[in-house]
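1. sequence first, then the predicted structure:
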Amino acid sequence: MEPSILAYLIICIFTVAILYSCVGHGGASGYIAIMTLLGLTPMIIKPTALMLNILVSAIASVQFYRAGYFRWSVFWRFALTSIPFAYIGGYYVLPAYTYKYIIVFILWFSAVQLFVRPVMQTNEIRLPSTPFTLLMGAVLGLFSGLMGVGGGIFLSPLLILMGWAGNKETAAVSAFFILVNSCSGLLGFVSADHAIPSYALTFAFAAVAGGFAGSYMGSRQLPVLGAQRLLSVILVIAGYKVLFT
């Protein structure tokens, strides 16, 4: 890889990690968009995005957990089925075209709803139906593994729009959700005898630095309404990147 392209990737990954970790995300859709625009192959993009996702979401998970926002009662209802299905999805390297327009619709619809919806307060939270969340967890897990993402970009708007978590709680649950699904998806990828690119480790430092900065701001500094609007903008950008890359 040329030094100029490598430097550009490092800067972009650092920036993406900051923006996404503010709302408890790992940034996989952003990494995928950047690497796709630079002409990298899916065999490189998928494991690299998953690895960076693991690093950033792990940092965000710790930050939001220490700030007291993690809700196990919400998390396990989705994670129980998402983890094995993320492994199944990670095992296969498939083109994303079948899911492309559906994903873009979901992202943009959720973005509009989040932007116009008032801030959800903690005392308004109600627990979701377990059968429904187990089914959704399986669907999100499979998508996560197939696409090389953690699934948080789909889970976050669902939690808020359905009134299952407040903004900060959503970020905390999403961070843990992304972490376990990304680990499961990467394990599935490696189990299929695929290799992780060696220079993916070079991007790890940029992702970790951005993850620390963004998750600290998101868990302690960024106002609730600001986090909600930021998530809305991120969903619009992610949808655009998926549609045109």
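-> Ah, there it is.

2. how far away is residue 196 from residue 187?
-> 11 Å (CB to CB, to the nearest Å). All C-beta atoms are positioned from the backbone trio N, CA, C, and that covers glycine.

3. the nearest residue to residue 156 once chain neighbours are set aside: what secondary structure?
-> Spatial nearest neighbour of residue 156, chain neighbours left out: residue 174 (4.8 Å); criterion: CB to CB, 6 or more residues apart in numbering. Following DSSP: H, G, I helix; E, B strand; the rest coil, the label given to residue 174 is helix.

4. wait, residue 174 sits on residue 155?
-> Yes - using CB atoms under 8 Å, residue 174 is in contact with residue 155, at 5.4 Å.

5. joint contacts of those two?
-> Counting by CB atoms under 8 Å, 6 or more residues apart in numbering, residue 174 and residue 155 have no shared contacts at all.

6. now name the helix or strand holding residue 68.
-> Counting by DSSP states H and E, there is no helix or strand that carries residue 68.

7. tally of neighbours for it?
-> Applying other CB atoms under 10 Å, we find 10 residues neighbouring residue 68.

8. what are the phi and psi values at it?
-> When read as degrees, to the nearest 10, the backbone of residue 68 gives phi 90, psi 20.

9. next one: it from residue 219, what distance?
-> 9 Å.

10. now do the shared contacts for these two.
-> What both residue 68 and residue 219 touch, as defined by CB under 8 Å, 6+ apart, is an empty set.

11. for residue 207, see how far away the residue nearest to residue 156 is.
-> Residue 174 is 17 Å from residue 207, by CB to CB.

12. so those two - more neighbours on which side?
-> The residue with more neighbours, out of residue 174 and residue 207, is residue 174; 32 against 29, by other CB under 10 Å.

13. against residue 180, how distant is that one?
-> 11 Å.

14. can you check residue 71 too?
-> Applying CB to CB to residue 71 and residue 180 gives a distance of 15 Å.
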